[in-house]
Every structure is written in structure tokens, then in C-alpha cells.
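Colleague: Turn this into a model:
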Amino acid sequence: MVSKIISIFLSKVALIGATLLLFTQVAQAGDDPAVEPGPLRTRPGSFALKLEPGLAIPMTDPQSRIYNFGGAFMVKALIAVTPYLDLGPSVSFYALPTG
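Modeller: Here you go, the predicted structure:
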């Protein structure tokens, strides 16, 4: 009984999603090579240092029984290769207190 309800729900979600994708307008943009990159486009060779805080949550056993909620932090050093592609190393830190 429950699996039938779930199946009907997923069918409705798939139908709504397909309908939304069918009637969505497609955006078309062209690049003019003579135009300089704007403030949102990255110039090749530029450097960026990104600091990303986050929340760490243990999801499955045995970690969820051993650890509590904690913090996460990521540091990225990126160099732009093209206006749309950055490459570089990243380091992640996680702190989960035992409980």
C-alpha cells in the first residue's frame, strides 16, 4: 500500500517536472569577441582565494551514534584558466565533537 502511494507521488512529480521543462523558454546568448569581460567575468590568469564555512552532520551508523553536529571549512586557491574555468587545490577541515 505504501509503495503504491509513493509510486503515484513520484509519477505526479515526474509529470509536473516534464511539463515545466517542456514549456520553459530557452535562453540564447552570443559572445562578442570585441567586448571586454565585464565585472562578473574572470580574466585568465587571475587568482582567487575562497573560504567556505559549512555544517557537518554525521548521517549513518556508527558515525551518527558517536559524533554530534559540527563544523566544516574549505579553503580554495583558484587560478582562472578561461573566463569560465578555474583550477587549483583545496583543503577541507571537519570538526565533529564526540557525544
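
Colleague: quick one: buried residues of stretch 81-94?
Modeller: Asp86 (16 or more other C-beta atoms under 10 Å). From N, CA and C alone the C-beta is placed, and that goes for glycine too.

Colleague: hey, C-alpha coordinates of that stretch in CSV?
Modeller: Below are the C-alpha coordinates for stretch 81-94, written out as CSV (Å, rounded to 0.1, in the frame of the first residue of the first chain):
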residue,chain,number,x,y,z
VAL,A,81,42.3,29.3,-17.0
THR,A,82,39.5,30.8,-19.0
PRO,A,83,36.6,33.2,-18.1
TYR,A,84,34.6,30.1,-17.2
LEU,A,85,37.1,27.6,-15.7
ASP,A,86,39.2,27.8,-12.5
LEU,A,87,41.8,25.3,-11.4
GLY,A,88,43.6,24.9,-8.1
PRO,A,89,44.0,23.0,-4.9
SER,A,90,41.5,22.9,-2.0
VAL,A,91,41.8,21.8,1.6
SER,A,92,38.9,20.8,3.9
PHE,A,93,38.6,20.8,7.6
TYR,A,94,36.0,19.0,9.6
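
Colleague: what residues does it touch?
Modeller: For stretch 81-94, contacts defined as C-beta atoms under 8 Å, 6 or more residues apart in numbering pick out 37, 41-44, 48, 56, 70-80.

Colleague: Do a quick rundown of the helices in the chain.
Modeller: Under the criterion DSSP state H, helices of the chain are mapped to 2-22, 63-66.
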